[in-house]
Structure formats: structure tokens, C-alpha cells
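**Q** Model the structure of this input:
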Amino acid sequence: MNENCEPVRIVADDREGAGAALAELRGRSDVSLEVRRLDAGDFLVEDNFAVERKTLADFAASVIDARWFKRSAAMAAGVRRGVIILEGSTVTAGELGVTREALQGALITVSVFYGLAILRARDAAETARLIVYPGRQAQRYASGSRPRPGYRPKGKRARQLFLLQGQPGVGPGRAGKLLEHFGSVENIARASVEELTAIDGIGESVAAKIRWAVKEDSGRLES
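**A** From the prediction side, this is the model:
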């Protein structure tokens, strides 16, 4: 670990599900690990990313009984960026007991329509590395040292963009457009759904999630 880097803060859920990846994280010197109950996901990284780990067999079983869509919808509605890691070697759909088309449809639903990132890992060790990586990138981005195409934000702007990317459905591109249009995070927080959707690339679903995340008196998405 680079001596100039702070340990990546990771919280692991205390229920069954983290498995061997938790053991891998315990052995890393670049991780500050806490184990407690989480509302969503198996891991919380830098208080910004909710990570769900599933083996391929677990993935197939959750598609069959519809748990996949329920858990994914809950992650997509949360205030933190959702990441799903599918762990294991490639197997045939027949071995998993579900058709290839059903698995592909499930992946399309959560990645394209729910906006969750889906990563693949060969084993628990690689899962642990993938869990740590976004936390390390978040630290670099917050400090203004993360490489970005065409420019290198520093100081306040870097932190504003980092905060915006913590909003549901907001990635680097959308964060930049929002900040450029509204001028500040404060103005974005006060913007209505209609004002947010006026920005290219911000649809009603993302705008409603942003409003839900910043509005204090409601626990439901605005329509």
C-alpha cells in the first residue's frame, strides 16, 4: 500500500453472504474493516458504494425466486451507488438451472434500467480487490488526483463532483453537467424534478431519485 494513502473504509454485513471475501479483506493492510448489520448490500465502501456479492449459483437461484430483482431495486433506490459482483468461474446456464436468456434479461434489467454496476470476479480474492478498488478511486477523486479526460479537477470542484456522484444514478458525466448548469451542489439540491430533467442525460427517474435523496421530509420517490 502506498504510505500516503489512507486505508479504505469498508463495512461488512454481519449476516451470511460476505463469505470468503470477508476473510480476504481481513488480511489486507490497506483496509479498515468493520463488521455490523447493513440495510442493503454485503459491503459498504467509503460510505459511498453499496456492494452486493453473489456467486453464480446464488445469482441463478435469486433470478428463479425473484429475489434478484427485489434486492436490486432496493439498492437502486438507495442513496449510495450500487455495485453487484458476480463471483465464480463460467458455467453453463443448464448447470445453473435457468435459461441463458433469463440470466441475460436479469443482468440487463439491473444494469440498464436500475443503473447498477455489474462486475465479474473469478474468486474471493478477486472479489476483495474489486471491493477495495472503488474506495481507493473515491479517495483519489476526492483529493483531485483522479485522472479525468481533458481536465484535472482540484480542490472544491473535485469534492463537489464527488458528492454529486454519491447521488443515485449520477455518474461522472451527469455530475459534470449538473454542476456546470446549476453552478453549485446547493443549487442542485434545491432544483425541482422539472429543472433537473432539463439537463441532457437526466431523465425523470434519475431526477426523482436525486430529489428523494436530498429532500428531508419524504421517504418516497417524488413522481
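**Q** For burial, what's the neighbour tally of A77?
**A** Neighbours of A77 under the rule other C-beta atoms under 10 Å: 16. All C-beta spots, glycine's among them, are computed from the backbone N, C-alpha and C.
**Q** Hmm, I typed the wrong one, I wanted I84.
**A** 25.
**Q** Please apply the same query to L25.
**A** Other residues close to L25 by other C-beta under 10 Å number 23.
**Q** Need the per-residue pLDDT for it.
**A** pLDDT for L25: 91.
**Q** That one belongs to a strand?
**A** No - assessed by DSSP: H, G, I helix; E, B strand; the rest coil, L25 does not belong to a strand; its assignment is helix.
**Q** who touches it in this structure?
**A** 10, 12, 31, 33, 128, 131-132 (C-beta atoms under 8 Å, 6 or more residues apart in numbering).
**Q** measure the closest residue to F182 other than its chain neighbours to A198 for me?
**A** Among residues not flanking F182 along the chain, I188 sits closest, at 4.7 Å (C-beta to C-beta, 6 or more residues apart in numbering). I188 sits 12 Å away from A198, going by C-beta to C-beta, to the nearest Å.
**Q** what do you get for R157?
**A** Counting by C-beta to C-beta, the gap from R157 to A198 is 22 Å.
**Q** what does P172 give?
**A** 20 Å.
**Q** How is the protein partitioned into domains?
**A** 8-138, 143-214 (automatic domain parsing).
**Q** By mean pLDDT, point me to the weakest helix or strand of this protein.
**A** helix 93-96 (a mean of 64; mean pLDDT, DSSP states H and E).
**Q** Count the neighbours of Q139 for me.
**A** So Q139, with other C-beta under 10 Å, has 18 neighbours.
**Q** The strand or helix carrying it: how far from the chain's middle?
**A** With secondary structure defined by DSSP states H and E, Q139 is part of helix 124-142. Taking C-alpha atoms, centre = their mean, to the nearest Å, the mean C-alpha location of helix 124-142 is offset from the chain mean by 11 Å.
**Q** so where's this structure uncertain?
**A** Applying pLDDT under 70 to the chain flags the ranges 1-5, 16-18, 90-94, 141-155, 166, 214-223.
**Q** what ranges do the helices span in this protein?
**A** Assigned by DSSP state H, the helices in the chain fall at 20-26, 56-64, 67-77, 93-96, 100-108, 124-142, 155-165, 172-182, 185-190, 193-197, 204-214.
**Q** Any idea which of these gets closest to I118?
**A** helix 100-108 (6.1 Å; C-beta to C-beta).
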